[in-house]
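Novice: requesting a structural model of the entry that follows:
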Amino acid sequence: MPGRKTQRDQAKEMLWERGIVRLSEFKSAGITAATIGRMRDDGEVIRLARGLYQLPDAPLDANHSLAEAAKRVPKGVVCLTSALAFHELTDQLPRSVWMAIGKNDWSPQDEPALRIVRFTDTLLAQDVKTTSIEGVPVKVFGVAKTIADCFRHRRSVGQSVALEGLQEALRQRKATPAEIARSAASGGVSTIVRPYLEALTANG
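Specialist: Sure, this is the predicted structure:
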């Protein structure tokens, strides 16, 4: 039938619209794994990771790794050092993307590009922002929440990283002392954050 779209045409359209597409998404749209495999062999798509595809000429965002992570862990929220870097509050360039998931959520195995941290449902739902990176919706914790989480997980990310994030957030005015204090209280780290917050605001 003239004008009928092939599976390849459909796959390319999905990739243009969504930026990064999972193999399961292709299958749901009626596009077979064999078609994607042939497209990869022909250089029409590139395989970013297991079951994750993108067009070879797709423009890459500076936060490309966050878009990949969001596709790999759909329920995840970018957190800790990765969220600090996204908000431009640290010079640290984490080798892996830190992702928060629920206590019982599925976690990908053997993924060196990911650092998974489990949050309670309450903490996972607080101050979540959704941004678009390369057409992919990516959930990231807000500034105040990220700082509180870094203090809560200071043994993992480092106390100096948490303190740097706090200093930069106040200096760049990306969060108010009151917002940070509220997030610290919600995360159970109020007594840890308060002395730093008081010292920094007293000098300001």
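
Novice: what residues does the helix or strand bottoming out on mean pLDDT in the chain touch?
Specialist: Lowest on mean pLDDT, DSSP states H and E among the helices and strands of the chain sits strand 46-49, with a mean of 83. With C-beta atoms under 8 Å, 6 or more residues apart in numbering as the test, strand 46-49 has contacts from I20, R40, Y53, Q54, L55, P56, E68, R72, E111, A113. All C-beta spots, glycine's among them, are computed from the backbone N, C-alpha and C.

Novice: those residues in strands, which ones?
Specialist: In this view, the contacts of strand 46-49 that belong to strands under DSSP state E are I20, Y53, Q54.

Novice: so what's the second one bridging to?
Specialist: Going by DSSP bridges, Y53 is paired in beta bridges with V21, R47.

Novice: and it, how many residues sit next to it?
Specialist: For Y53, the neighbour count with other C-beta atoms under 10 Å is 23.

Novice: go on, the last one?
Specialist: As a burial measure, the neighbour count of Q54 was computed by other C-beta under 10 Å and equals 23.

Novice: where do the strands sit along this protein?
Specialist: Under DSSP E, the chain gives strands at 20-22, 46-49, 52-54, 77-78, 97-102, 114-119, 128-133, 136-141.

Novice: just those strands: most buried one?
Specialist: strand 77-78 (a mean of 29; mean count of other C-beta atoms under 10 Å).

Novice: which other helices and strands contact that one?
Specialist: helix 64-72, strand 97-102, strand 136-141 (3 or more C-beta pairs under 8 Å, 6 or more residues apart in numbering; DSSP states H and E).

Novice: I20 against L55, yeah?
Specialist: No. Judged on C-beta atoms under 8 Å, I20 makes no contact with L55 at a distance of 9.4 Å.
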